[in-house]
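**Q** just the structure for this:
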Amino acid sequence: MAYSRNNYDKQHGVGFENIVCLYLCPLRKSGSIIGKAGEIAKQIRSETKANKRIKEGLHGCDERVVLIYSTSEERNRIEDDVDFVCSAFYDLFKVHDMIVSKELDNGDDDDN
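**A** Numbers count the residues shown, from 1 in each chain. As a prediction, the model looks like this:
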């Protein structure tokens, strides 16, 4: 079913003033950003104040789409950086760091 932007925004809670990021997460790693009973996702949400939806994987696709969105207000600082970023970017960086660290912890990095 096709949605106009207005109908999609009302139904899914994403407005014009929001920042939206899409992240392709390897299917086998998607559990590491959800956690048992959603605990990791809740923890990241409380830290970043961004919303996240993890879409179902498509048949034959090795990734799941992670939709991360927040207001455009810049209120999060990444590590020691002097600049602030919006909550969606902060969440995106945290999710990416978690995926990469899990890859390194499991020895999946075949390049070294």
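**Q** quick one, longest helix in this structure?
**A** helix 87-105 (DSSP state H).
**Q** output the contacting helices and strands for that helix.
**A** Applying 3 or more C-beta pairs under 8 Å, 6 or more residues apart in numbering; DSSP states H and E, we find helix 87-105 packed against strand 18-26, helix 31-34, helix 39-48, strand 63-71, strand 74-77. In short, each C-beta sits where N, CA and C put it, glycine included.
**Q** so what's G57 up against?
**A** Shown in contact with G57 (C-beta atoms under 8 Å, 6 or more residues apart in numbering): L27, S30, E63, R64.
**Q** the first one against V66, yeah?
**A** Right, the one you point to is L27. No - with contact defined as C-beta atoms under 8 Å, L27 does not count as touching V66 (11.5 Å).
**Q** neighbours around S46, how many?
**A** Look at S46: counted by other C-beta atoms under 10 Å, it has 8 neighbours.
**Q** before we move on, the earlier item: now the contacts of G57: which count as buried?
**A** Among the contacts of G57, the ones that count as buried by 16 or more other C-beta atoms under 10 Å are S30, E63, R64.
**Q** could you dump those residues into TSV and include distance to E17 and pLDDT?
**A** What follows is these, written out as TSV (distance: C-beta to C-beta, whole Å; pLDDT from 0 to 100):
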residue	distance to E17	pLDDT
S30	28	87
E63	28	92
R64	26	91
